[in-house]
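[1] Provide a 3D model corresponding to the input given below.
(2 chains)
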Amino acid sequence: MRIFVCIKQVPDSAQIRVHPVTNTIMRQGVPTIINPYDLFGLEEALRLRDRFGGTVTVLTMGPPMASESLRKALGYGADRGLLLTDRFFAGSDTLATSYALARLIEKAAEEEGMPQIVFCGKQTIDGDTAQVGPGIAQRLGLSQLTYVSAIDEIDPEKGSITVRRRADHGVQVLTSRLPAMITMLEGSNHIRRGTQSDVLRAAQAKITQWNAAAVGITDLSLCGLRGSPTVVKRVFAPAARSEKADMIPATGGGSATAAALIDAIFARQPALEEDLISAAGGY
Amino acid sequence: MSKVVFDAIVVGAGPAGNSAAYTMANAGLNVLQIERGEYSGSKNVQGAILYSDALEQMIPDFREEAPLERHIVEQRIWMMDDRGHTGMHHRSDDYNEDLPNRYTIIRAQFDKWFNRQVRDAGATVLYETTATSLLRDPGGQVIGVQTDREGEGFYANVVVLAEGVNGLVGQRSGLRSELRPEDVALAVKEMHFLPQETIESRFNITGDEGVVIEAMGTITDGMIGTAFLYTNRESISIGIGCLVSELSRIGKDSPYQLLDRFKAHPSIRGLLEGSEMKEYAAHLIPEGGYRAIPDLVGDGWICVGDAGHFVNAVHREGSNLAMTTGRFAAETIIMLNKRGQACTKKALGAYRQRLDDSFVMKDMKKYKDVPRMLEKQGSTIMDTYPRLMNGAAQTWFRVDGRDKKTKENEIVKSAWRVRGLGLLGDAVKLARAWR
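    From the prediction side, this is the model:
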């Protein structure tokens, strides 16, 4: 199978700081990571390659330093990394990003052939929109399978795929046609640890870098800030919670601790207590 | 995997490993560096002060790019009792020079930069990969390392062990014994963020100027240890450390409790006021000195930095020794490589010779008796004398209607009462250890 995986380099949210005056994210000095949601797609791609053979190509759009994330993806076992980087892309919203990535995928497909699956992260941890994957699917005419928790069946020959998809009130089982764009749900798998040869190859790999012109983008008004109708009106940091965590000592044994815990919860959520009591038909 | 044999494998990407890998890669050797952290610096902990000289030897223009915090213009040395401190401050505008001698740094950023230079010099660097053991040929010569990733290992003509104080490869392979509690200090450290202007006004500094406070005294409960406070650009690094043997023998409080007390001390509290703690870390420091230095070379391996116990505890030097030993090891390997000579124990002995001829071993030897002296005199030096000194200062400076002769007598008596003839002995012991 030929599989593409779109990833994004994001600041490590565990180590992020917000500027006290401007409320913007201070990225300088903050380590970057691969958007954690993307790794579920990458692992699923690697599993499919394990089963069917083929290649896994990882793509991203970002500043030159985003090549480090691609290198890391190669260390997990991906075959090739492609970076789309150009100052014209600065300030892209989801519309402009999905446009640029769609062009990147088409360009890569010229070299490698059209992928049967494009994996994207469910959303990113810095933007949280969950729009880029669907945007790519729409532009490239791919079947859209979002919030997938498992791939039940796949037949690359016939071009059919059946997945489980998390919906608001349950699980949908969907059968669709390839090529498809899939976003994997968190927890659906766990990214593997690359072998010695994976990490050695990754460390020595040359990451292909293309600019806008190289992927055939000529109309720059569709890119970056100019191509982004989204306007950030205001950024603010939520006020710190006044409530502090309560520590409940586990000294009185299991049931006493549980009772103390329930008392503490009900003290804060009287409505919950009433609901549970009425659901249980009274005490 | 096809079996590539590197010219050298460097285990670890701290100052020692980065120096070794950089020097060798720069000389055209095919170098593989293996780091267990997510990136170089992610697991590395230090105060941290960078001494320019050791780095300048390799990267003369490092100041142009390296992430440096502040250059030191003022050094404060404090003897603390429970209520205050008596000390020496040294400050000079001479330190505002074109090429400053010492800087505060944040290791996570600095090491990452240094490691970038290693990669740019052509070395292959693997992250999140832990070297677990040495691979040997039937004759016992080290020929590579095995890691915690699946695979048959990596091969090289020589392995540079720059794995830090608690280097497991060397320990597991029997190259050095396990750490002795009396040879190693446990230090805890916190980073406190403060606005740049606050730091500058609080410490009377401007621009990139910085202040360093090194403190000892009752803050360590009589245990052998020291505390520090360093100014960074927008943060303050503060920490305290004690010998592990003392912590286990005496330790009423755990290290972080000592740090909490240090932070709350009247002499320190105001300097941290309003700050936000953003990071905490703990680290072992090899402080056993010259006598704790293990075997440094063997057939196919060489040991540098903290793994070789290269720390001058008296002068708070370590990263510079790490860089210098890393560079010396690299230069020894480069020399053998150019001559086409195998990295046997005998051939690598040239490294030991270079160390002996340099400040590294000369300084290590100079203070070789300090750890033993401290072992015996610890509580006197860490507790009795700081109390005496602060008491004497108070007697001296308070104006209370008593004549000066009486005060002088009182100071002498207070010292005599506590130590008696021991005073003389302490002076002799200190002088001997220092010599």
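
[2] Most proximal residue of chain A with respect to chain B?
    For chain A and chain B, the shortest gap (Cβ to the nearest Cβ) falls at residue A:196, measuring 2.8 Å. Bear in mind the C-beta positions are built from the backbone N, C-alpha and C, glycine included.

[3] what's the closest non-adjacent residue to that residue?
    Once flanking residues are discounted, residue A:196 sits nearest to residue B:151: 2.8 Å by Cβ to Cβ, 6 or more residues apart in numbering or on different chains.

[4] thinking the one you found is in contact with residue A:195, fair?
    Yes: between residue B:151 and residue A:195 there is a contact at 5.2 Å, judged by Cβ atoms under 8 Å.

[5] who are the neighbours in contact with residue 268?
    Using chain A here. With contacts defined as Cβ atoms under 8 Å, 6 or more residues apart in numbering or on different chains, residue A:268 is in contact with no residue.

[6] Wait, chain B was what I had in mind.
    B:229, B:238, B:262.

[7] buried set for the one helix or strand it maps to?
    Assessed by DSSP states H and E, residue B:268 sits inside helix B:266-272. For helix B:266-272, a neighbour-count test (16 or more other Cβ atoms under 10 Å in any protein chain shown) marks B:267-268, B:271-272 as buried.

[8] Quick check: mean pLDDT of whatever helix or strand comes next after that helix?
    Following helix B:266-272 in sequence order, the next helix or strand is strand B:276-286 (DSSP H and E). For strand B:276-286, mean pLDDT rounds to 92.

[9] Which strand or helix spans residue B:416?
    helix B:404-419.

[10] again with residue B:229
    Using DSSP H and E, residue B:229 falls in strand B:225-231.

[11] list the buried ones in the following helix or strand past that strand?
    Next helix or strand after strand B:225-231 toward the C-terminus (DSSP H and E): strand B:235-243. Neighbour counts over strand B:235-243 (16+ other Cβ under 10 Å) mark B:235-243 as buried.

[12] cool, and stretch A:118-128?
    So, applying 16+ other Cβ under 10 Å, buried residues of stretch A:118-128: A:118-125, A:127.

[13] before we move on, the earlier item: of the buried residues of helix B:266-272, which is the nearest to chain A?
    residue B:272 (17.5 Å).

[14] hey, where'd the helices end up in the stretch 151-283 of chain A?
    Taking DSSP state H, counting those that start in this stretch as the test, the helices found in the stretch 151-283 of chain A are A:196-204, A:254-268, A:270-279.

[15] right, I mislabeled it, should have said the stretch 151-300 of chain B
    Under DSSP H, counting those that start in this stretch, the stretch 151-300 of chain B gives helices at B:168-172, B:196-202, B:244-249, B:255-264, B:266-272.

[16] now those helices as CSV including mean pLDDT and distance to residue A:244?
    Shown next, in CSV, are the helices of the stretch 151-300 of chain B (pLDDT from 0 to 100; distance: least, Cβ to Cβ, whole Å):
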stretch, mean pLDDT, distance to residue A:244
helix B:168-172, 91, 40
helix B:196-202, 95, 26
helix B:244-249, 90, 31
helix B:255-264, 95, 19
helix B:266-272, 97, 22
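
[17] and the residue nearest the centre of chain A, what does it touch?
    By Cα atoms, centre = their mean, chain A has its centre lying nearest to residue A:121, at 2.5 Å. Residue A:121 sits next to A:6-8, A:35-38, A:40-41, A:133, A:183-184 when contact means Cβ under 8 Å, 6+ apart.

[18] before we move on, what about residue A:5?
    Residue A:5 sits in contact with A:38, A:41-42, A:45, A:56-59, A:73, A:78, A:118-120, where contact means Cβ under 8 Å, 6+ apart.

[19] out of the buried residues of strand B:235-243, who's nearest chain A?
    residue B:235 (10.8 Å).

[20] could you list every residue that touches the closest one?
    Residue B:235 sits in contact with B:106, B:191-194, B:275, B:278, where contact means Cβ under 8 Å, 6+ apart.

[21] what about the residue nearest to residue A:196, how many residues close to it?
    17 (other Cβ atoms under 10 Å in any protein chain shown).

[22] Can you give me the pLDDT of it?
    96.

[23] Quick check: residues of chain A near chain B?
    A:17, A:29, A:31, A:75, A:193-200, A:203-204 (Cβ under 8 Å from any Cβ of the partner chain).

[24] please redo it, this time with the cut-off set to 10 Å
    A:12, A:15, A:17, A:20-21, A:28-29, A:31-33, A:68, A:71-72, A:75, A:192-204 (Cβ under 10 Å from any Cβ of the partner chain).

[25] Now the buried members of those.
    For these, buried by 16+ other Cβ under 10 Å: A:31-33, A:68, A:71-72, A:75, A:192, A:194-196, A:198-203.

[26] how far out from the middle of the chain is stretch A:12-23?
    Remark: stretch A:12-23 is offset 21 Å from the chain centroid, using Cα atoms, centre = their mean, to the nearest Å.

[27] contacts for it?
    A:10-11, A:24-33, A:35-36, A:125-126, A:234-238, B:38, B:108, B:193, B:195, B:276, B:278-279 (Cβ atoms under 10 Å, 6 or more residues apart in numbering or on different chains).

[28] Select only the buried ones of those in ChimeraX?
    To isolate the buried ones among the contacts of stretch A:12-23 in ChimeraX, judged by 16+ other Cβ under 10 Å, type:
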select /A:10,11,30,31,32,33,35,36,125 /B:108,193
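
[29] Mind checking which of the contacts of stretch A:12-23 are in strands?
    A:10-11, A:25-26, A:32-33, B:193, B:276, B:278-279 (DSSP state E).

[30] Bridge partners for residue A:151, pull those for me.
    residue A:163 (DSSP bridges).

[31] Identify the residues contacting it.
    Listed by Cβ under 10 Å, 6+ apart, the contact set of residue A:151 reads A:44, A:47-48, A:117, A:145, A:161-164, A:180, A:182, A:184, A:188.

[32] Try it again at 7 Å.
    The contact partners of residue A:151, taken as Cβ atoms under 7 Å, 6 or more residues apart in numbering or on different chains, are A:44, A:161, A:163.

[33] quick one: residue B:192 from residue A:280, how far?
    As defined by Cβ to Cβ, to the nearest Å, residue B:192 lies at a distance of 50 Å from residue A:280.

[34] Show me which residues of chain B sit near chain A.
    Contacts of chain B with chain A, taken as Cβ under 7 Å from any Cβ of the partner chain, map to B:1, B:39, B:109, B:124-126, B:129, B:147, B:149-151, B:154.

[35] Would you mind checking the residues you listed for buried ones?
    By 16+ other Cβ under 10 Å, the residues of chain B next to chain A give B:39, B:109, B:124-126, B:129, B:147, B:149, B:151, B:154 as buried.

[36] Among those residues, name the ones in helices.
    Using DSSP state H, the members of those that fall in helices are residue B:109.

[37] now for the buried ones among the residues of chain B next to chain A, which pair is the farthest apart?
    Across those, the longest distance by Cβ to Cβ is 31.3 Å; it joins B:109 and B:151.

[38] Distance check, the one residue in the stretch 151-300 of chain B that gets nearest to chain A against residue B:194.
    Closest residue of the stretch 151-300 of chain B to chain A, Cβ to the nearest Cβ: residue B:151 (2.8 Å). For residue B:151, the distance to residue B:194 equals 47 Å [Cβ to Cβ].

[39] Residue B:216 now?
    Distance from residue B:216 to residue B:194, by Cβ to Cβ: 24 Å.
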